[in-house]
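1. Requesting a structural model of the entry that follows:
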Amino acid sequence: MEKIDIKTLYDDSAKFEGKEISVAGWVKTVRSSKYFGFIELSDGTSFKGLQIVFENTLDNFSRVEKLNTGSSISVEGVFVNTPESKQPFELKAKKVNIICATDETYPLQKKGHSIEFLREIAYLRPRTNTFQAVFRIRSVAAMAIHTYFQQNGYLYVHTPLLTCADCEGSDQMFKVTTLDMNNLPKDKDGKVDYTKDLFGKLAFITGSGQLHGEAFALAFGKIYTFGPTFRTENSNTKIHANEFWMIEPEIAFCDINGLMDIEEDMLKFVVKYVMDRCPNELAFCDKFIQHGLLDKLNTLLKSKFTRITHHEVIDLLKASKNKWEFEPDYEGDIAKEHEKYITDYFNGPVFITDWPKDIKAYYMKLNPDGKTVAGVDLVLPQAGELIGGSQREDDYDKLVARMEEMGVDRKSIEWYVNLRKFGGCVHSGFGMGFERLIIYLTGMENIRDVIPFPRTPNNCEY
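-> Numbering: from 1, shown residues only. Model prediction:
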């Protein structure tokens with residue numbers, strides 16, 4: 001007998017009315033009396049489970065009624081639609097095969113568990129309702145990203161995870177070596193001799209696919225990368241991790257204004273895509289994780305994103321009567337409290353553009369004023385910064401000067417600089433941390449709870 005996924009039953013329950021089918025999954029709950037009982041079964045294909053009705057005519061009734069949460073079983077029975085009941089349908093069991101019965105040591109009991117406790121058993125937390133919702137939303141959001149870019153003519157590029165290109169700064173990147181750490185070769189100056197290493201020089205695990213992405217954008221016009229990135233930042237905040245996923249499009253013949261159009265269009269597409277395909281998961285998140293989540297997402301879809309310069313933001317902050325923990329600074333960054341004020345002020349998402357050059361990366365386009373760069377951060381209500389991007393510096397001499405000014409080693413990325421000589425053009429791109437998007441979509445507060453197995457300082461379990 002063919003096994004049917006529970007999702008398939010929800011997709012077309014009328015098709016299976018009165019038919020004998022087989023299902024398999026994990027027990028969520030068991031309720032029983034002397035003559036019959038009910039099992040709520042999950043097989044992972046649907047956020048909603050399937051009710052199994054079993055009677056004492058089963059050969060193994062006494063064992064089935066004592067099953068614990070988490071036990072794996074397969075069931076054969078007759079499918080019955082029950083529109084008049086709480087559940088839309090049920091399976092009347094003729095046979096229940098116990099595959100692996102859990103005992104009292106199973107960590108996930110019927111009582112509620114804290115997020116912190118579930119984080120300690122990351123290999124089991126996907127079986128809970130909360131993480132069933134979160135990781136299903138994550139999966140659908142990933143598909144939304146690919147769908148948006150593919151439908152709009154972007155090339156998907158697999159940029160390298162191993163690299164010698166310094167984009168984020170070598171101090172923020174993990175080093176990769178095949179050298180014997182207990183017997184390191186040294187050069188005449190007593191420093192590690194990386195010419196003896198596998199690549200003949202110091203190599204890193206990537207912190208960004210941007211530089212390689214720009215090379216492909218100047219051949220294919222529009223490209224995007226979507227994959228894991230790594231940073232050595234020793235930060236224990238709720239929004240930082242040492243391994244995370246990034247979406248990084250690069251677009252040729254596109255300035256900063258066109259880039260903002262793309263960011264707004266993409267974000268609205270992804271939110272709508274997830275809302276259309278995960279109504280049950282989002283309703284759960286709205287009820288149990290972040291009250292008002294659905295209103296927040298619907299409001300974003302209707303919003304027109306404000307565009308304002310960094311200087312104008314500081315003007316507004318200084319003109320307010322707020323007492324700031326961090327005083328607004330025309331030459332400085334913008335704090336969380338400032339982001340909240342600005343999004344509240346405009347009652348919606350805000351693009352902040354034209355940042356002081358000294359606090360931004362060397363590859364951002366220098367504005368005519370010589371003091372600011374064509375960088376842009378997208379700040380969302382209740383979330384803060386979600387996307388950071390810029391028009392890239394396409395002037396060869398200005399890029400070289402900026403690199404020298406900021407002490408960037410040009411040797412390892414001479415090929416990147418040469419893109420400005422060999423058919424360069426106006427081009428722009430942005431980076432969006434995928435986990436920050438999932439935090440926004442689910443209402444979860446901690447990045448550790450939207451990554452299957454988080455890698456953070458002092459935490460590399462499983």
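2. you'd agree F135 is up against P126?
-> Yes - taking contacts as C-beta atoms under 8 Å, F135 lies within contact range of P126: 6.0 Å. C-beta: built from backbone N, CA, C; applies to glycine.
3. what's the burial count for F117?
-> Neighbourhood size, F117 [other C-beta atoms under 10 Å]: 12.
4. Surely it is within a helix?
-> Yes - assessed with DSSP: H, G, I helix; E, B strand; the rest coil, F117 lies in a helix.
5. which residue ranges form the helices in the protein?
-> Assigned by DSSP state H, the helices in the chain fall at 6-11, 61-64, 115-120, 129-151, 210-220, 256-277, 279-288, 293-302, 310-319, 336-346, 396-405, 414-418, 434-442.
6. May I see the buried residues of the fourth one?
-> For helix 129-151, a neighbour-count test (16 or more other C-beta atoms under 10 Å) marks 130-138, 140-142, 144-145, 148-149 as buried.
7. how about that helix as PDB, C-alpha atoms only?
-> Extracted as PDB, the C-alpha positions of helix 129-151 are listed here (Å, rounded to 0.1, in the frame of the first residue of the first chain):
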ATOM      1  CA  ASN A 129       5.300  23.400  16.700                       C
ATOM      2  CA  THR A 130       7.400  26.500  17.000                       C
ATOM      3  CA  PHE A 131      10.300  25.200  15.000                       C
ATOM      4  CA  GLN A 132       8.100  23.400  12.600                       C
ATOM      5  CA  ALA A 133       6.700  26.800  11.700                       C
ATOM      6  CA  VAL A 134      10.000  28.600  11.700                       C
ATOM      7  CA  PHE A 135      11.900  26.200   9.500                       C
ATOM      8  CA  ARG A 136       9.000  25.700   7.100                       C
ATOM      9  CA  ILE A 137       8.900  29.500   6.700                       C
ATOM     10  CA  ARG A 138      12.600  29.500   6.200                       C
ATOM     11  CA  SER A 139      12.400  26.900   3.400                       C
ATOM     12  CA  VAL A 140       9.600  28.800   1.700                       C
ATOM     13  CA  ALA A 141      11.400  32.200   2.000                       C
ATOM     14  CA  ALA A 142      14.500  30.600   0.400                       C
ATOM     15  CA  MET A 143      12.400  29.500  -2.500                       C
ATOM     16  CA  ALA A 144      10.900  33.000  -2.700                       C
ATOM     17  CA  ILE A 145      14.300  34.500  -3.000                       C
ATOM     18  CA  HIS A 146      15.200  32.200  -5.900                       C
ATOM     19  CA  THR A 147      11.900  32.700  -7.600                       C
ATOM     20  CA  TYR A 148      12.100  36.500  -7.500                       C
ATOM     21  CA  PHE A 149      15.600  36.700  -9.000                       C
ATOM     22  CA  GLN A 150      15.000  33.900 -11.500                       C
ATOM     23  CA  GLN A 151      11.800  35.500 -12.800                       C
END
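8. Just give the number of residues close to the nearest residue to D103 once chain neighbours are set aside.
-> Closest residue to D103 apart from its sequence neighbours, by C-beta to C-beta, 6 or more residues apart in numbering: N68 at 6.5 Å. As a burial measure, N68 scores 17 neighbours (other C-beta under 10 Å).
9. how far away is N68 from L259?
-> From N68 across to L259, the span is 54 Å (C-beta to C-beta, to the nearest Å).
10. try C285
-> 30 Å.
11. who has more neighbours, these two?
-> A count of neighbours by other C-beta under 10 Å puts L259 above the other of C285 and L259, at 26 against 23.
12. Now do the same contact list for the closest residue to the more buried one other than its chain neighbours.
-> Nearest non-adjacent residue to L259, counting by C-beta to C-beta, 6+ apart: S428, 4.1 Å away. Contacts for S428 (C-beta atoms under 8 Å, 6 or more residues apart in numbering) come out as E250, I251, C254, D255, I256, G258, L259, G389, S390, Q391, R392.
13. Format those residues as JSON lines; extra columns: pLDDT and distance to M266.
-> Shown next, in JSON lines, are the contacts of S428 (pLDDT from 0 to 100; distance: C-beta to C-beta, whole Å):
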{"residue": "E250", "pLDDT": "98", "distance to M266": "14"}
{"residue": "I251", "pLDDT": "98", "distance to M266": "11"}
{"residue": "C254", "pLDDT": "98", "distance to M266": "13"}
{"residue": "D255", "pLDDT": "98", "distance to M266": "17"}
{"residue": "I256", "pLDDT": "98", "distance to M266": "15"}
{"residue": "G258", "pLDDT": "98", "distance to M266": "12"}
{"residue": "L259", "pLDDT": "98", "distance to M266": "11"}
{"residue": "G389", "pLDDT": "97", "distance to M266": "11"}
{"residue": "S390", "pLDDT": "98", "distance to M266": "16"}
{"residue": "Q391", "pLDDT": "98", "distance to M266": "17"}
{"residue": "R392", "pLDDT": "98", "distance to M266": "18"}
